[in-house]
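Asks: sequence isn't available, so here's the structure alone:
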């Protein structure tokens, strides 16, 4: 790192790594969010690209502060979508749908939950994830899942139990009192 009058400036390699991390960690979530709001894949891709371009000069600051990087990116994307919708309605153009008076609900929370859930499921073993997908996402019973996976029902129950415990452990809020005692 270089220092110019008390301010640290990251090396180009470090800045490139931060930008690569930003793109790899957040592009899919941004695209899902923009596509959900716009109902148009191509316009959503444009919004994501513009969001990342706007984040580029701020990558070091985004990662060095305590705020949420994804929250900042989702806010920028939403503002760009709103700007695009407003400018299109002024020029009497339609973006995706003919009715310009439709108010778009804020879906950022549901998109974020969906992305986080997918990430958590990927952290489980294949066997545990498979059982949860069948029992929770597909709505199958223990017996049906056991039959499909060709394993005993007791094995399905135990895998489900351990998978849920693993998810609870990863999502449980950290108790500051416990953290302070360990320090």
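Replies: Sure, I can see it. All of these numbers come straight from a predicted model, not from anything done at the bench. Residues are numbered from 1 along each chain as shown.
Asks: let me know the secondary structure of residue 151.
Replies: What DSSP: H, G, I helix; E, B strand; the rest coil gives for residue 151 is coil.
Asks: list the contacts for residue 108?
Replies: Residues near residue 108 by C-beta atoms under 8 Å, 6 or more residues apart in numbering: 33, 74, 78. In short, each C-beta sits where N, CA and C put it, glycine included.
Asks: look up how far residue 147 lies from it.
Replies: Distance, residue 108 to residue 147, using C-beta to C-beta, to the nearest Å: 39 Å.
Asks: check residue 172 too.
Replies: 33 Å.
Asks: which one's more surrounded, the two?
Replies: Using other C-beta atoms under 10 Å, the more surrounded residue of residue 172 and residue 147 is residue 147, with 13 against 8.
Asks: which helix or strand contains the more buried one?
Replies: If you go by DSSP states H and E, residue 147 is part of helix 142-149.
Asks: any idea how far whichever helix or strand comes after that helix is from the chain center?
Replies: As assigned by DSSP H and E, the chain's next helix or strand after helix 142-149 is helix 153-171. In terms of C-alpha atoms, centre = their mean, to the nearest Å, the centre of helix 153-171 is found 23 Å from the chain centre.
Asks: stretch 74-85 too?
Replies: So, by C-alpha atoms, centre = their mean, the centroid of stretch 74-85 is 17 Å from its chain's centroid.
Asks: in it, which residues are buried?
Replies: Neighbour counts over stretch 74-85 (16 or more other C-beta atoms under 10 Å) mark 74, 76, 77, 78, 80, 81, 84, 85 as buried.
Asks: so which elements touch the helix or strand where residue 43 lies?
Replies: Following DSSP H and E, one finds residue 43 within helix 41-55. Using 3 or more C-beta pairs under 8 Å, 6 or more residues apart in numbering; DSSP states H and E, the elements in contact with helix 41-55 are helix 12-38, helix 69-90.
Asks: go with 10 Å
Replies: With contacts taken as 3 or more C-beta pairs under 10 Å, 6 or more residues apart in numbering; DSSP states H and E, helix 41-55 sits against helix 12-38, helix 59-64, helix 69-90.
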